[in-house]
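Novice: here's my sequence, what's the structure:
(4 chains, ligands or ions: 2)
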Number of protein chains: 2
Amino acid sequence: MKLINKDTDYAVRALMELSSGGDSYLSVKSISDKQNIPYQFLRRVIAPLIKKGIVKSKEGSEGGLKLALNPAKIKVIDLIKIYHKEFKMSECMFRGKPCCNREGCALRREVIRIERCVTAEFEKMTIKTLLQK
Amino acid sequence: MKLINKDTDYAVRALMELSSGGDSYLSVKSISDKQNIPYQFLRRVIAPLIKKGIVKSKEGSEGGLKLALNPAKIKVIDLIKIYHKEFKMSECMFRGKPCCNREGCALRREVIRIERCVTAEFEKMTIKTLLQK
DNA sequence: TTAACTGATACTAAAATAGTATCAGTTAAG
DNA sequence: CTTAACTGATACTATTTTAGTATCAGTTAA
Ligand code: FES
Ligand code: FES
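Specialist: Residues are numbered from 1 along each chain as shown, chains lettered A, B, ... in the order given. Ligands and ions are numbered 1, 2, ... in the order given. This is a model prediction of the structure:
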């Protein structure tokens, strides 16, 4: 019943690191060293953040990354959505097909309710709120 | 971010079926037919329920299953724990080893908080409450 | 005796997860 | 104008989890 996978974990940690980096560019290498994250893995994790406009990158020597958004604008829910293809808990998908029991499934109704609560929590959670604690 | 896997799904549906079966024994075959659950899969799912004393079985012809407990005593949280080896969301285990970042991880603290809430919900949820809705 | 059952495993296939490797292009500095 | 330090983009592998199947043995009622 894992809510967070390594991709999300590493992304959050990298973004927290970038938040403390001010306006200068930090290389992926330096982040991976500081946070003990496998370098190639971290590069792959960061790629979608650049595409989505959460992180800005500068190529070449002396290049690197910096935040494109204020840490208060970077929601954990958005990160989770990036790294879990099937995000919703209540879709009840198995092998790409929806569970045959969906209409009228009592368990599903309850899972939907719980999901709304969990989603709301991750919606409130940002890189900024994580840094504050 | 799936909370419920097929094992738990099938177990809940089978237990709901058994609840409506009164005091007579229902065969796994009849449950699998009614609920559209693969027969062999269902047998494997039910095995631990028998061992844990949630379901009573009778061998031989005319044998089958019936509930060993009142539906109000069968908590969904217990079922989830049976079928997810690593139940806790916040343990942050990867490949059997705990995440190296656990002490002081801001994200983990928050996941622990959310987990408590989700667990409490599944604690309240029983076969009886599911049947009522 | 036999058909309808459960008990217990062992097996397979597909997907998700975690991690690695490689080749290409860009840029700043010497 | 070359080279070292970077990012961009994929393609690959290994492990674990999830879903589902197959099989053999034992039990019981008719
Ligand atoms: S809809 Fe799939 S378990 Fe209920
Ligand atoms: S402890 Fe593993 S992500 Fe925080």
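Novice: biggest helix in chain A by residues?
Specialist: Assignment by DSSP state H gives helix A:106-124 as the longest helix of chain A.
Novice: so which bits of that helix are buried?
Specialist: Across helix A:106-124, burial judged by 16 or more other Cβ atoms under 10 Å in any protein chain shown covers A:Ala106, A:Leu107, A:Arg108, A:Glu110, A:Val111, A:Ile114, A:Glu115, A:Val118, A:Thr119, A:Glu121, A:Phe122. All C-beta atoms are positioned from the backbone trio N, CA, C, and that covers glycine.
Novice: what of stretch A:125-133?
Specialist: A:Met125, A:Thr126, A:Ile127, A:Leu130.
Novice: how about the third one, what does it touch?
Specialist: Read it as A:Ile127. A:Val12, A:Leu15, A:Met16, A:Ser19, A:Pro71, A:Ala72, A:Ile74, A:Val76 (Cβ atoms under 8 Å, 6 or more residues apart in numbering or on different chains).
Novice: what pLDDT does it get?
Specialist: On pLDDT, A:Ile127 comes in at 98.
Novice: A:Thr119 too?
Specialist: 91.
Novice: tell me if I'm right that it and A:Ile77 touch.
Specialist: Yes - between A:Thr119 and A:Ile77 there is a contact under Cβ atoms under 8 Å: 6.4 Å.
Novice: check which helices and strands the host helix or strand of A:Lys29 sits against.
Specialist: Per DSSP states H and E: A:Lys29 is located in helix A:28-35. With contacts taken as 3 or more Cβ pairs under 8 Å, 6 or more residues apart in numbering or on different chains; DSSP states H and E, helix A:28-35 sits against helix A:6-19, helix A:39-51, strand A:64-67.
Novice: got the ones you listed as CSV, with mean neighbour count and distance to ligand 2 columns?
Specialist: CSV is the format used below for these (neighbours: other Cβ atoms under 10 Å in any protein chain shown; distance: least, Cβ to the nearest ligand atom, whole Å):
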stretch, mean neighbour count, distance to ligand 2
helix A:6-19, 22, 4
helix A:39-51, 15, 13
strand A:64-67, 20, 20
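Novice: who wins for proximity to B:Pro38 among the ones you listed?
Specialist: helix A:6-19 (31.8 Å; Cβ to Cβ).
Novice: spell out which parts of chain A neighbour ligand 2.
Specialist: A:Asp9 (Cβ under 6 Å from any ligand atom).
Novice: spell out which residues of chain A are next to chain B.
Specialist: Neighbours of chain B within chain A, by Cβ under 8 Å from any Cβ of the partner chain: A:1-4, A:6, A:9, A:12-13, A:16, A:35-36, A:76, A:80, A:84, A:86-89, A:92, A:94, A:99-101, A:106-107, A:109-111, A:113-115, A:117-118, A:121-122, A:125, A:130-131, A:133.
Novice: could you redo the last one with a cut-off of 7 Å?
Specialist: Residues of chain A that fall close to chain B, judged by Cβ under 7 Å from any Cβ of the partner chain: A:1-4, A:6, A:9, A:12-13, A:36, A:80, A:84, A:87, A:89, A:94, A:99-101, A:106-107, A:109-111, A:114, A:117-118, A:121, A:125, A:130, A:133.
Novice: thinking again about what came up before, closest to DNA strand D among the buried residues of stretch A:125-133?
Specialist: Set against DNA strand D, the nearest of those by Cβ to the nearest atom of the strand is A:Ile127 (18.4 Å).
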